[in-house]
Each structure stands twice: as structure tokens, then as C-alpha cells.
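1. coords below, sequence missing:
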Ligand code: SF4
């Protein structure tokens, strides 16, 4: 059974060799490098999950969320060069959580919250996603994925929203009216309104991508703008070329905030 997630499919598209390290050789844990944006992103997601799971609607506010966030932060402080850098990332996280509390309706309790969900397309293929939250809207369900990085139009992965909508609609048998990324630093929304006919297209697309991956025997490295942040740079067969490309390309951290699915 091939389990397709947006992360998995996008990783193969960006670099088949990196995909192989993660999903075929399964050596991601061994080579994992702690990164400040990953640590911060995980804590923001967990604190928001705690807020909705552990706190009753009328008691939800920024000071409660800050307390939950600081408790999560103590659990893992890896990836920072020094205290100064850790403080900087902590403060930027608190700023986005504060903005969240100012702009979001904290009384609303999501109908689904931070969990892995799967939908089986056929006996050989399923789609899988870790969905941050699903709210009940007037027109139907609203699937929401939090982003802790700044909004960049080039980095928006609509496939992720399409897959999440597909999974939620098939599992709940309720209409998904909207699927959105919520960019927390600016409280900026990027939304799609999925139509029933889109799902056939998405399923076909996933099948084709899965077929390409399963049929790949070489998993060639593909130099790309994320090589600088690749955990496997040291063992990459194209290391020299990757290093040359890094020297001439300034790369911002890619704010991948989800664990590997
Ligand atoms: S360094 Fe670049 S080319 Fe090599 S595996 Fe990583 S992403 Fe792919």
C-alpha cells in the first residue's frame, strides 16, 4: 500500500534523492538536524492544540496560550545557536500567538483538531495528512492549516489543501466549503473553495505521481533552492554541485513545520 501525503509527493518533486533517503532508505532520524524554525513551529502548533483541547472556550485568551506555549517550549529547546537566538525565535512565536488571539474567534471549538487522517483511494493507494483543524462554517466545513513562516506566494502548495479537503470530505461525508492556509505571523489567509469535480482530478494526479515514484529506480538528486537546508547534504551524491549552488544562491529557511508524514 502506497500512502501518499502532500509532503511526500512534494519532496519527490523537489528532489527524488532526498525522497529516497527519507522514504526508501529511512535514514531521516539518523541525519536529522535540529532547526530553530522547526522547533518553534512545533511548539506553536502544540500550544494551539492545547488551547482548544484543554481550555474551555470562555477561558481561552493570550495569557493562557502563552503559558501553554512556554510549557511546550521547555520540553524541547534544540536547534538554537545560543540563548539570544532562542529568545528571538521565542518572541516571534509569542507575537504570532498574540495576533492569533486578537483576530481569531477563540470561542469556536474546531470539529477536528491536529491529528493524522487517512482516506483509502483503492487497495493499493491511500492519502494521508496531519490536519491542524477543521471548523464548522455556515456553508460547510473549513479545513485550516497553520503556517508559522511568512506568506510567500511561490511556496504555497495547493495540493496540500486539495488533499486535506479530499480526506475530510470523504471521511466525514460533509461538504468542505473552504480549505485555507493561515499564515500566523501576519494572520494572512490563503484559501481555496474545492468543488466536487476537483476530487476526481486530485485522485488522478495522486495516482500518476505515485506511479512515477514507484517506478523510479534511480532517484536522481535534483539541485534545488532547498539544498542548503537539506539534512542529507553531507552524503548527497551531488554534494559538490549542491555546495556550488549554495554559494551562489541565498536561501531563506523553508518553514516546514510539520513532521514527516
Ligand atoms: S543536497 Fe540537494 S540534491 Fe542532494 S539530496 Fe539534498 S536536496 Fe537533493
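-> Right, received. Where do you want to start? None of the values given here were measured: they were computed from a predicted structure. Numbering: from 1, shown residues only.

2. Name the residues of the stretch 101-250 of the chain found near the ligand, please.
-> 221, 222, 223, 224, 226, 227, 230, 232, 233, 236, 238, 242 (Cβ under 6 Å from any ligand atom). The way it works is simple: take the backbone N, C-alpha and C, and place the C-beta from them, glycine included.

3. Residue 222 is in contact with the last one, correct?
-> This points to residue 242. No. Counting by Cβ atoms under 8 Å, residue 242 sits too far from residue 222 to count as a contact (9.9 Å).

4. When the two are compared, which one has more neighbours?
-> More neighbours surround residue 242 than the other of residue 242 and residue 222, with 21 against 16 (other Cβ atoms under 10 Å).

5. Report the spatially closest residue to the more buried one, excluding sequence-adjacent ones.
-> Once flanking residues are discounted, residue 242 sits nearest to residue 227: 4.2 Å by Cβ to Cβ, 6 or more residues apart in numbering.

6. who are the neighbours in contact with that neighbour?
-> By Cβ atoms under 8 Å, 6 or more residues apart in numbering, the contact set of residue 227 is 15, 233, 236, 242, 245, 246, 251.

7. now those: which count as buried?
-> Buried subset of these (neighbour count, 16 or more other Cβ atoms under 10 Å): 15, 233, 236, 242, 245, 246.

8. Please work out which residue of the stretch 51-200 of the chain is closest to the ligand.
-> For the stretch 51-200 of the chain, the residue closest to the ligand is residue 155, as judged by Cβ to the nearest ligand atom, at 15.8 Å.

9. burial of that residue, as a residue count?
-> Neighbour number of residue 155 under other Cβ under 10 Å is 13.

10. just to revisit the earlier point, which ones among the contacts of residue 227 map onto helices?
-> 242, 245, 246 (DSSP state H).

11. for the residues you listed, which one is nearest the ligand?
-> Among those, residue 242 lies closest to the ligand (Cβ to the nearest ligand atom), at 4.1 Å.

12. from the contacts of residue 227, which two are the most distant?
-> Largest separation among these by Cβ to Cβ: 236 and 251, giving 15.2 Å.

13. Would you map the helices across this structure?
-> Along the chain, counting by DSSP H, helices occupy 6-14, 16-19, 28-31, 36-54, 62-75, 83-103, 158-172, 196-215, 239-248.

14. Count residues in the vicinity of the closest residue to residue 134 other than its chain neighbours, would you?
-> Distances taken as Cβ to Cβ, 6+ apart place residue 112 nearest to residue 134, at 3.9 Å, with adjacent residues excluded. Counted with other Cβ under 10 Å, the neighbours of residue 112 add up to 18.

15. so who does residue 112 touch?
-> 131, 133, 134, 168, 172.

16. switch the cut-off to 10 Å
-> Shown in contact with residue 112 (Cβ atoms under 10 Å, 6 or more residues apart in numbering): 131, 132, 133, 134, 135, 136, 141, 143, 144, 168, 171, 172.

17. swap in residue 233?
-> Listed by Cβ under 10 Å, 6+ apart, the contact set of residue 233 reads 18, 31, 33, 227, 239, 242, 243, 246.

18. what does residue 11 give?
-> If you count contacts by Cβ under 10 Å, 6+ apart, residue 11 has them with 5, 18, 19, 20, 21, 22, 23, 213, 226, 256, 260.

19. Tell me how far whichever residue of the stretch 1-150 of the chain sits closest to the ligand lies from residue 42.
-> Nearest residue of the stretch 1-150 of the chain to the ligand: residue 15, at 3.4 Å (Cβ to the nearest ligand atom). With distances taken as Cβ to Cβ, to the nearest Å, residue 15 is found 23 Å from residue 42.

20. just residue 177 next, same as before
-> Per Cβ to Cβ, residue 177 is found 29 Å from residue 42.
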